[in-house]
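Engineer: structure of the sequence below:
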Amino acid sequence: MSLRLYIFIVGWIFLLRPVSAQSRYYSLADDRSAPVIESWNLTDPDTIGQSVITLHYEMRYVVDTLSHSVHQNRVVVQTDGNVVKYYVMRRHLQDRIMTQVEKLLDGTAAVPGVGGQYVKTAEEEEMDRIAGVDDILNSEIWFCRDKGILIERMHDYDRQNFAIEYEEPIPKFEWIVGSQQREICGYQCFSAHAWFRGRSWTAWFCPEIPVDTGPWKFNGLPGVILAVTDSSSHYDWECVAVKGQEPIIYYRVPKKRIGKEQYAQYVKNIHTSPLSVLGHGGDVVFYSRASKKWLDDTWEVPYNPIELE
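Structural biologist: Residues are numbered from 1 along each chain as shown. Below is the predicted model:
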């Protein structure tokens, strides 16, 4: 099941459904496909620091618990000891390219381009190769340890180039360190177990790297978390690369701060009632290539939230 959206621009489409000339058309591989997160363009990326360590993880997760379809993404964790940034590489690549395209269009910077068209750098081509699918999990999570808070944000579909976000205290995990050991990326790791918001988790941490960080919201062990999975095998992260200093980039876009429950409901609505969020009152329409029909208010996409309580 593909999660990619492709712009559907075909002349005969107007014969199938009368819509506004300003409407945007998207064609889905099937009516269970998830919508793609839009990029934050027209933004100025701000380098807020240098990471002391950068970790790349392969993330695998069960999108549909009925079909047990598994998707895979490359995610990245950066920290300078105080700030922690967790993000999906596909999202980062989109934002990076869109920012460069804007500079190319307004002539404010020399960026790779041929005939006015953006051309990916070798680094971006490699990112594109390993980034994985583009889907609804493209949020960012930020830890601000000096303030004791966590901020998660994602694209606001109601307002282009805006973000919605919520803030909560940095979660505390009640880890029980186990006796098992395994090697990950050449580092000896030890097991630990915790129950967190409806799932039972097993993490593998490395005391040799005494940095309190890990993928998603995981923290609180005496060493970096290099792998973690839940007992149902619905969510799994495993480190595939340990790197050094890299700039930590923050895209300064207008944002709307909402409560955590409201944020969770917004994400749920994108799955259980996509058109209510993405349709913009009919300005955006979706067509299923598999069923050869326009998608209506009955359209849903698989929903398997990481937090169950």
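
Engineer: low-confidence ranges in the stretch 1-150 of the chain?
Structural biologist: 1-44, 98, 100-117, 133-137 (pLDDT under 70).

Engineer: give the contact list for the residue nearest the centre of the chain.
Structural biologist: Centroid check for the chain by Cα atoms, centre = their mean gives residue 138 as the closest residue, at 1.8 Å. Listed by Cβ atoms under 8 Å, 6 or more residues apart in numbering, the contact set of residue 138 reads 37, 88, 90, 91, 154, 155. Placement of C-beta: from N, CA and C, glycine included.

Engineer: swap in 7 Å and give it another go.
Structural biologist: Going by Cβ atoms under 7 Å, 6 or more residues apart in numbering, residue 138 touches 37, 88, 90, 91, 154.

Engineer: so which of those residues belong to helices?
Structural biologist: Under the assignment DSSP state H, the contacts of residue 138 contribute 90, 91 to helices.

Engineer: which one among the contacts of residue 138 gets closest to residue 128?
Structural biologist: residue 90 (8.4 Å; Cβ to Cβ).

Engineer: quick one: contacts for the closest residue to the closest one other than its chain neighbours?
Structural biologist: With sequence-adjacent residues excluded and distances taken as Cβ to Cβ, 6 or more residues apart in numbering, residue 90 is closest to residue 131, at 4.1 Å. The neighbours of residue 131, taking Cβ under 7 Å, 6+ apart as the test, are 74, 89, 90, 93.

Engineer: what's the local residue count around the second one?
Structural biologist: What that stands for is residue 89. 20 (other Cβ atoms under 10 Å).

Engineer: in contact with the residue nearest to residue 163 when sequence neighbours are not counted, which residues?
Structural biologist: The shortest distance from residue 163 to any non-neighbouring residue, by Cβ to Cβ, 6+ apart, is to residue 255 (4.3 Å). Residue 255 is in contact with 153, 162, 163, 164, 165, counting by Cβ under 7 Å, 6+ apart.

Engineer: now list the buried members of these.
Structural biologist: Neighbour counting by 16 or more other Cβ atoms under 10 Å classes 153, 163, 164, 165 among those as buried.

Engineer: closest one of those residues to residue 210?
Structural biologist: residue 153 (28.7 Å).

Engineer: residues contacting that closest one?
Structural biologist: Applying Cβ under 7 Å, 6+ apart, the residues near residue 153 are 139, 140, 163, 164, 165, 255.
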